[in-house]
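In: Here is a sequence with its predicted model. Questions after.
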Amino acid sequence: MTGAVRVPLRVLAYGRSGDKGGTANIGIAARRPEFYPVLLREVTAERVQSHFADRAATVSRFELSNLHALNFLLPGILGKGGSSTLRLDPQGKALADALLFLPVDLLPHEADLLGDAGERSEG
Amino acid sequence: MTLGEARRIRIGGGLGYWGDDTSAPGRLVRDGDLDYLVMDFLAEVTMSILQKQKQRDPTLGYAADVVGILRDVLPDAVRRGVKIVCNAGGVNPIACADRVRQMADELGLGDAVTVAAIVGDDLLGRVDELHTQGVAFANLETGADFDAIKERLACANAYIGATSVRDALAAGANVVLGGRIADPSLTLGPLMFEHAWADSDWDLLAAGIVAGHLVECGAHSTGGNHQDWQKVEGLEDVGFPIVEVTADGEIIMTKCPGTGGRVARETVVEQLLYEIGDPTTYLTPDVTVDFTTLHVEELADDAVRVSGATGRAAPDTLKVSAAYSDGYSGNTLYLYSAPDALARARRAGEILDFRIGRLGLALTETRTDFIGAGAVHEGRTPHTADEPCEVVLRYAVKADTADAVRRAFVEASTIFHGPPGKTNLISGRPKVTEVLSYWPTLVSREAVVPEVVIL
């Protein structure tokens, strides 16, 4: 396999999101340790902010290399909190799903890591 | 159970939220070979609902589900020596403990049950005094001034830690009912008591908090709510989590035997990432925990070891969970069918905007969603469905008064004269509910003195 490949983030990672007042957090973890460098390079705070540009002015990223995971904080994305906002998904439980749709570009050697067709086909 | 370092305390998380599976605690007690059952009943604005109940009736104000749960659980718990720790006391732990005491007596358990209530976290009656003394109570997220909402405050509870749980157990309690005890501290308390961990054994306290974090959301760490839900077998009978914790802070995570669900690296990591901020600085009333030193290792099917927790001193301040009355809201749901389901729903939304708008009601917010046409992810999915067969128009309204919201919904019923193919998904008029907005803030540790009351 050669050539760059674009996949949705969920091919490389899983995750969970939740609320703390008006702030949501989205934690994502690499499905395999080899994918963690790709997450570090591709899933920057800037890219996450632009993915949620209509809802979040700032995004902070924290690294948990021990878990091959990243944690993102999105202050104010839930307004004044889950019990106050008129939005659907007031507690941000679906935000991890939304982030896992993020398109991620893999370098050729990284794309080779995907191996079986099952992983690729999600792209 | 053997003495020494290998002694493991086995703690089951029987409830992740108020309204969770009421059969799970009993199952854990009967099948889980537990030392402790812990249950978390409280969410951020639960306390304001409980304050309202207490204002109506001074014998209420606690999570009432606890009565039925303990009626089921207590006889077996007593027989097996399983102790129970929970925060079901809400804003009235004494009333909760009274009720549980009475029930234990009715069950004939009498002296076999010692109930402890933990009080001191409820600041609602002390806020004025503390504010006058110089506690700012500014909003922790926005910096906003407390005076803007002070008159509308509905609840204010300091998150308190594990030491009062430990003290209650040391006083001989086998049922501990607190109020706003921090979720993971419910688990740390028994570990401090059983393993004689000191208040400044930061790494050990951190391990106890991590163990608590793993069980505090019930089956969310055992396959429930898991991203790879297709891989989880037996989700219809998902088991609730159990942690075994040694005196040196090693955690083995598993679940109730004979149940469905899955405990694997992925389910554990997902739960570790849940509702955390800076992972090096996870603040609790007991210890500041660093999640970046944890080591997660699968030992066998449904057995994952979590080790390496590190901690440092807890902050001088305690977080306060407060909420204030912030108007009223409600929403309608109208289902539109093909052909042109989305276009019909959009046109209906425009009609509602016009008709409700021209009434001149003092609405503070309206919101239109088209459920079935990307309403949740709002364009963040790479593909949208072709013309959907059905779309639900959700029209939500917020105002300072309940009357304004009600009037808007009277007007909304004229939408029967709008586009065709409509089903009203809400029977009768939509419910109008009080909006309680969250006000996270801080208070100094010295201002909060938890107290154990034995009943």
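Out: Nice, thanks for sending it over. What you are looking at is a predicted structure, and each value in this text was computed from that prediction instead of being measured.
In: Show the model's pLDDT score for residue B:388.
Out: Note for residue B:388: predicted pLDDT of 91.
In: how close does it get to residue B:104?
Out: Here the criterion is CB to CB, to the nearest Å. By it, residue B:388 lies 55 Å from residue B:104. Heads up, the C-betas are built off the backbone N, CA and C, glycines and all.
In: So for the two, which residue has more residues nearby?
Out: Comparing residue B:388 with residue B:104 by other CB atoms under 10 Å in any protein chain shown, the one with more neighbours is residue B:104, at 24 against 19.
In: Please name the nearest non-neighbouring residue to that one.
Out: The shortest distance from residue B:104 to any non-neighbouring residue, by CB to CB, 6 or more residues apart in numbering or on different chains, is to residue B:113 (4.0 Å).
In: cool, and residue B:131?
Out: residue B:137 (6.0 Å).
In: in chain A, which segments are predicted with low confidence?
Out: Counting by pLDDT under 70, chain A contains low-confidence ranges at A:1-3, A:116-123.
In: check contacts around the residue in chain A that chain B sits nearest to.
Out: Chain B sits closest to residue A:27 of chain A, with a gap of 2.6 Å, by CB to the nearest CB. Going by CB atoms under 8 Å, 6 or more residues apart in numbering or on different chains, residue A:27 touches A:15-17, A:69-72, A:96, B:270, B:272-274, B:276.
In: Buried subset of these as a PyMOL selection?
Out: A single PyMOL command selects the buried members of those (16 or more other CB atoms under 10 Å in any protein chain shown):
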select buried, (chain A and resi 15+16+17+69+70+71+72+96) or (chain B and resi 270+272+273+274+276)
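In: Of the contacts of residue A:27, which belong to helices?
Out: Members of the contacts of residue A:27 lying in helices (criterion: DSSP state H): A:96, B:270, B:272-273.
In: Could you confirm residue B:306 falls within a strand?
Out: Yes. Counting by DSSP: H, G, I helix; E, B strand; the rest coil, residue B:306 falls inside a strand.
In: so what's it closest to, chain neighbours aside?
Out: Using CB to CB, 6+ apart, the closest residue to residue B:306 is residue B:251 (4.3 Å).
In: what's the one you found in contact with, if anything?
Out: Contacts of residue B:251 by CB under 8 Å, 6+ apart are B:207, B:210-211, B:214, B:243-245, B:305-307, B:309.
In: now with 10 Å?
Out: B:8, B:11, B:191, B:207-208, B:210-212, B:214-215, B:243-245, B:268, B:294, B:296, B:304-309 (CB atoms under 10 Å, 6 or more residues apart in numbering or on different chains).
In: Does residue A:47 touch residue A:104 like I think?
Out: Yes. Counting by CB atoms under 10 Å, residue A:47 touches residue A:104, with 9.1 Å between them.
In: quick one, what contacts the closest residue in space to residue B:247 that isn't next to it in sequence?
Out: Leaving aside its sequence neighbours, residue B:247 sits nearest to residue B:195 (CB to CB, 6+ apart; 4.3 Å). The contact partners of residue B:195, taken as CB under 10 Å, 6+ apart, are B:5, B:7-9, B:201, B:204, B:207-208, B:245-249.
In: same check, this time on residue A:14
Out: With CB under 10 Å, 6+ apart as the criterion, the residues that contact residue A:14 are A:27-31, A:69, A:96, A:100, B:226-228, B:266-267, B:269-270, B:273.
In: From the residues you listed, pick the one nearest residue B:437.
Out: Proximity of these to residue B:437 (CB to CB) peaks at residue A:96, which lies at 24.3 Å.
In: Surely that closest one touches residue A:13?
Out: Yes. Using CB under 10 Å, residue A:96 is in contact with residue A:13, at 9.4 Å.
In: can you list residues touching both of those two?
Out: Contacts common to residue A:96 and residue A:13, judged by CB under 10 Å, 6+ apart, are A:27-28, B:227.
In: so of those residues, which ones are in strands?
Out: A:27-28 (DSSP state E).
In: Tell me where chain A has helices.
Out: So, for chain A - with DSSP H - the helices run A:36-42, A:45-51, A:95-100, A:108-113, A:117-121.
In: Out of the ones you listed, the one nearest residue B:365 is which?
Out: Closest of the helices of chain A to residue B:365 is helix A:95-100, at 20.8 Å (criterion: CB to CB).
In: thinking again about what came up before, ok, so what distance separates the residue nearest to residue B:104 from residue B:167?
Out: Relative to residue B:167, residue B:113 is positioned 18 Å away (CB to CB).
In: Can you pick out the residue with more neighbours from those two?
Out: Neighbour count, other CB under 10 Å: between residue B:113 and residue B:167, residue B:113 has more, with 22 against 19.
In: about what we covered before: determine which two of the ones in helices among the contacts of residue A:27 are furthest apart.
Out: For the ones in helices among the contacts of residue A:27, the farthest-apart pair by CB to CB is A:96 and B:272; their separation is 13.8 Å.
In: tell me, what's touching those two both at once?
Out: Residues touching both residue A:96 and residue B:272 (CB under 10 Å, 6+ apart) are A:16, A:27.
In: Below-threshold pLDDT in the stretch 301-450 of chain B: ranges please.
Out: B:383-385.
In: need the residues of it near chain A, please.
Out: Within reach of chain A by CB under 10 Å from any CB of the partner chain, the stretch 301-450 of chain B has these residues: B:308, B:319, B:321, B:323-324, B:326-327, B:329-331, B:364-369, B:371, B:375-383, B:394-398, B:433-440.
In: Buried ones only from those residues, please, as a PyMOL command.
Out: Selection of buried members from those for PyMOL, criterion 16+ other CB under 10 Å:
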select buried, chain B and resi 308+319+321+323+324+326+327+329+330+331+364+366+367+368+369+371+375+376+377+380+394+395+396+397+398+435+436+437+438+439+440
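In: among the residues of the stretch 301-450 of chain B next to chain A, which are in strands?
Out: Mapping these onto strands (DSSP E) picks out B:319, B:321, B:323-324, B:326-327, B:329-331, B:364-369, B:371, B:394-398, B:433-440.
In: Can you tell me the closest non-neighbouring residue to residue B:6?
Out: The shortest distance from residue B:6 to any non-neighbouring residue, by CB to CB, 6+ apart, is to residue B:246 (6.7 Å).
In: from what I can see that neighbour touches residue B:208, true?
Out: No. Residue B:246 is not in contact with residue B:208 according to CB under 10 Å; the separation is 11.1 Å.
In: Identify the residues contacting the most centrally placed residue in chain A.
Out: In chain A, the centroid-proximal residue (CA atoms, centre = their mean) is residue A:99; its distance is 4.1 Å. If a contact means CB under 10 Å, 6+ apart, then residue A:99 has A:8-10, A:13, A:15, A:17, A:26-28, A:43, A:47-48, A:51-52, A:70, A:72, A:74, B:377, B:380 as its contacts.
In: quick one: it from residue A:43, how far?
Out: Look at residue A:99 and residue A:43: by CB to CB, they are 8 Å apart.
In: where do the contact lists of those two overlap?
Out: Common contacts of residue A:99 and residue A:43 (CB under 10 Å, 6+ apart): A:9, A:13, A:26, A:28, A:51, A:70, A:72.
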